[in-house]
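Need coordinates for the below:
(chains A and B)
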2 protein chains.
Amino acid sequence: MIKRNPNLNLLKTSYLFPEVTARRKQFLAKRPGAQILSLGIGDTTEPLSPLVVEALAMAAKRLGSMEGYIGYGPEQGIEPLRKKIASVFYDGRIAPEEIFISDGAKCDIGRLQVLFGGDLSVAIQNPAYPVYIDGSLIQGIRNIHMMCCSPENGFFPDLHALERTDLIYFCSPNNPTGAAASRSQLEALVSFARENRSLILFDAAYASYIRDSALPKSIYEIPGAKEVAIEINSFSKLAGFTGVRLGWTVVPETLKYQDGASIQSDWNRIYTTLFNGASILSQYGGLAALEKNGLEESERLTHFYLENARLIKAALQSLDIEVYGGDNAPYLWAHFPGRRSWDIFQELLEKTEIVSTPGSGFGSAGEGFLRFTAFGKRDHILSAIQRLRTIKSEKGSSFKFAMV
Amino acid sequence: MIKRNPNLNLLKTSYLFPEVTARRKQFLAKRPGAQILSLGIGDTTEPLSPLVVEALAMAAKRLGSMEGYIGYGPEQGIEPLRKKIASVFYDGRIAPEEIFISDGAKCDIGRLQVLFGGDLSVAIQNPAYPVYIDGSLIQGIRNIHMMCCSPENGFFPDLHALERTDLIYFCSPNNPTGAAASRSQLEALVSFARENRSLILFDAAYASYIRDSALPKSIYEIPGAKEVAIEINSFSKLAGFTGVRLGWTVVPETLKYQDGASIQSDWNRIYTTLFNGASILSQYGGLAALEKNGLEESERLTHFYLENARLIKAALQSLDIEVYGGDNAPYLWAHFPGRRSWDIFQELLEKTEIVSTPGSGFGSAGEGFLRFTAFGKRDHILSAIQRLRTIKSEKGSSFKFAMV
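Below you'll find the predicted structure:
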């Protein structure tokens, strides 16, 4: 038979989240009655807003009528949604034609990786969402520079120490560290990219969690970014569309290759060749989520999750654990210096039946960290906090968790 | 800035369907009042069945409730749908775990191309759906063998003349020729793949149009296919899901690389890394479409389009045009020997305001052909037939269409 794509040999055997699921299953097999609470995978738990449900049902109904039926939509997305996104999120900085509607950020990152291919160098934050590195390896990219983001540098890479690369993946608010880059940090990043003629792939999937009005919600708030940045975004954490599937990517017309040719034109070619558009239903659902009332609902939703984050953060801090993030992001990044992430993961699971995500799964600089997510039903969060309090009482006992 | 992915230089400037759209726009600019009828792009026009609409609306409602909400589904699709597809289409030959639910055949073809990478040889039918060749070029594959499928060989490649390749794309019922391969032809194909240790990518997106009970609807009806074939399928033409987005790919557990490693395991890695599953709504819609009543609706739908095909075929034949396909496929393949496809396309557009698809857009062996699709509202089809009749009266005049 055929040979395996050699690039796949570069991948580690197991992808982080399936491994977490496997560990959870193993644990349940060992302790069948366990009442597991997950603060692990970044999966939304609050229902869709009634407005969105109504819009989805209406769209379905339209597709069931002779007059309302449409088949393939434009691969780039329906015009009203592209216009709406341009006006709601970009305030005239971005034209509707520069917005491409996707079935989610992850899928578009994969397509961007296909667009740029394997013959280039990339810089990736360490720790980072695993798809940046895994997708790069699948393309055969060997020239990968890791940008360490730790408490020591305020989770922002030391740019002066960074070699020039073709692409720079940058996620803010960050998954997994919860760090939201400041305006001056993003200015430095854009300026670095302009000097080095690098292209930034800016993942803004958690921008709707920013509450500090001084922090930019889009890379395009930084002057000059339109010549050096693509922005990826999503309805998943903005409006609970994780299962509905909807996102968007901004590819400005001003982005050019070395020879002056248009990057957007190639992106459009990839889109029309390998994609058939997001579900029409999801697109109408997304449109409703961006109406005035929809945005208010979304604000309530992200506020609810941020309140979860605050509760978990306080509980962890009461155990004298250093915790980062959670103020402008749905992620908390808890530090256990000197411990190994999978060990703390396992210990926490066995002591409290709480599932977290091992920081080391996001890169070597995540070793010694656990990621907690703010997604979850409130009663689950409160139960988890109760269990964490129990640990506190064991402080100084065999539970190494709180002994550090 | 960065350099362009050199693989993209291999692509022709314009993708077939956008070019058809551009020509149509140009024509409308020239003749603003034109009443264009499209028999061109393979896009469904009949509404979703009430059963499916109900299921979509119910799924939306569930996602709007605390109890019913789910976030990310499994990337591979929800279990009830995988089971249903296994039982409805594969009669126990394929296990639910071998079925991966996608957001459509096109997208999964793209992901299969990412899976196998650029370092291999492929065979592609000529003519063929452009995504096979374009997607292969995007991966950097240079070693592409075209398998001519023409009236002379009954639209089935001359396998004895074919060099061994790693992958063989094969679409039946075929887009664009409308040819549905016989059991003995598929047996020959599977046997060829087994002898040559090639992997068949079998595109069965139009299988639900097969009416001749002697014709296989799945490659897995052929003994031995499970060791050499992946099958790609879709709800688009089966149940009008072109805008809803849903499909599936079968990757049997028995498929192995040269070294005995599992292809399915790598496919699962690609799925979990670069995809987040089809929309949950679409999946519940698909489940309804495969219930007993749903399948009856689907039967009615495909019957309706096949009746369109019969009408168009008869009208073209009455102009003494040789027409293939349309009996077990929603595509008609009309032959205009000695003419160039884009010329006939343009002439037809100008004389009748009917949009077709130039056969040459599907490969060099499509030169001299036009593809007509059976999708369309019945009154449009009848109007188109009326216009074609008008041509007939001009036979022998300046209209070269009917002069051949």
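
residues in contact with A:Ile232?
For A:Ile232, the contact set (Cβ atoms under 8 Å, 6 or more residues apart in numbering or on different chains) comprises A:105, A:108-109, A:112, A:201-205, A:247-250. Where you see a C-beta, it was placed from the backbone N, CA and C, and this is true even at glycine.

Go again with 10 Å.
Taking Cβ atoms under 10 Å, 6 or more residues apart in numbering or on different chains as the contact definition, A:Ile232 lies against A:100, A:102, A:104-106, A:108-109, A:112, A:169, A:171, A:201-205, A:247-251.

quick check, it in a strand?
Yes - read with DSSP: H, G, I helix; E, B strand; the rest coil, A:Ile232 is one of the residues of a strand.

Just grab the bridge partners of it for me.
For A:Ile232, the residues forming beta bridges with it (DSSP bridges) are A:Asp203, A:Thr249.

Indicate whether the helix or strand containing A:Leu28 makes contact with chain B.
Element membership for A:Leu28 (DSSP states H and E) is helix A:16-30. Yes - using Cβ under 10 Å from any Cβ of the partner chain, helix A:16-30 reaches chain B at A:16-18, A:21.

Quick check: buried residues in that helix?
Using 16 or more other Cβ atoms under 10 Å in any protein chain shown as the test for burial, helix A:16-30 gives A:16-17, A:19-20, A:23-24, A:27.

Could you see whether chain B lies near the next helix or strand after that helix?
Using DSSP H and E, the helix or strand that follows helix A:16-30 towards the C-terminus is strand A:37-38. No - Strand A:37-38 does not reach chain B (Cβ under 10 Å from any Cβ); its nearest approach is 11.0 Å.

Can you tell me, leaving aside adjacent residues, what's nearest to the residue of chain A most remote from its centre?
The centre of chain A is farthest from one residue, A:Met66, which by Cα atoms, centre = their mean lies 39.1 Å away. The spatial neighbour of A:Met66 that comes closest, neighbours along the chain excluded (Cβ to Cβ, 6 or more residues apart in numbering or on different chains), is B:Pro47 at 5.7 Å.

Next: A:Ile381.
A:Asn308 (4.9 Å).

what do you get for A:Lys256?
Using Cβ to Cβ, 6+ apart, the nearest residue to A:Lys256 is B:Met1, at 5.7 Å.

Tell me where chain A has helices.
A:16-30, A:50-63, A:79-90, A:105-116, A:130-138, A:183-196, A:236-239, A:263-274, A:280-289, A:292-317, A:341-352, A:378-393 (DSSP state H).

For the residue nearest to A:Ile381, report the pLDDT, please.
pLDDT, A:Asn308: 98.

right, and it touches A:His380 too?
Yes - counting by Cβ atoms under 10 Å, A:Asn308 does reach A:His380; the two are 9.2 Å apart.

Need the overlap of contacts for the two.
Residues touching both A:Asn308 and A:His380 (Cβ under 10 Å, 6+ apart): A:39, A:45.

When the two are compared, which one has more neighbours?
Just comparing A:Asn308 and A:His380: by other Cβ atoms under 10 Å in any protein chain shown the higher neighbour count belongs to A:Asn308, 28 against 18.

Just the CA trace of stretch A:251-265, in CSV.
This file holds the C-alpha atoms of stretch A:251-265, laid out as CSV (Å, rounded to 0.1, in the frame of the first residue of the first chain):
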residue,chain,number,x,y,z
VAL,A,251,-7.6,38.8,5.2
PRO,A,252,-7.1,42.5,4.4
GLU,A,253,-6.8,43.5,0.7
THR,A,254,-3.5,45.3,1.6
LEU,A,255,-1.7,42.0,2.5
LYS,A,256,0.9,41.3,-0.2
TYR,A,257,3.5,38.7,-0.9
GLN,A,258,7.2,39.6,-1.5
ASP,A,259,6.4,40.0,-5.2
GLY,A,260,3.5,42.3,-4.5
ALA,A,261,0.8,39.7,-5.4
SER,A,262,-2.4,39.6,-3.3
ILE,A,263,-2.6,37.1,-0.4
GLN,A,264,-6.3,37.7,-0.3
SER,A,265,-6.7,36.4,-3.8
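
any low-confidence regions in the stretch 1-150 of chain A?
A:13-14 (pLDDT under 70).

okay but A:Ala188 is in contact with A:Ser182, surely?
Yes - A:Ala188 lies in contact with A:Ser182 (Cβ under 10 Å); the separation is 9.4 Å.

Spit out the residues that contact those two alike.
A:Phe156.

pLDDT at A:Lys395, what is it?
47.

Show me how chain A divides into domains.
A:6-48+A:295-402, A:50-292 (automatic domain parsing).

first to last residue in the longest one, what's the distance?
The separation between the terminal residues of domain A:50-292, taken as Cα to Cα, to the nearest Å, is 14 Å.

now do stretch A:162-174
Start-to-end, stretch A:162-174 (Cα to Cα) is 19 Å.

can you check stretch A:97-105 too?
Stretch A:97-105: ends 18 Å apart by Cα to Cα.

So A:Leu215 is in contact with A:Tyr206, correct?
No - the pair A:Leu215 / A:Tyr206 is not scored as a contact, 11.4 Å apart, by Cβ under 10 Å.

So these two - more neighbours on which side?
Taking neighbours as other Cβ under 10 Å, A:Leu215 and A:Tyr206 compare with A:Tyr206 leading, 27 against 19.

Distance of the nearest residue to that one once chain neighbours are set aside relative to chain B?
Closest residue to A:Tyr206 apart from its sequence neighbours, by Cβ to Cβ, 6+ apart: A:Pro173 at 4.2 Å. The gap separating A:Pro173 from chain B is 19 Å, by Cβ to the nearest Cβ, to the nearest Å.

neighbours around A:Pro173, how many?
Using other Cβ under 10 Å, A:Pro173 has 27 other residues around it.
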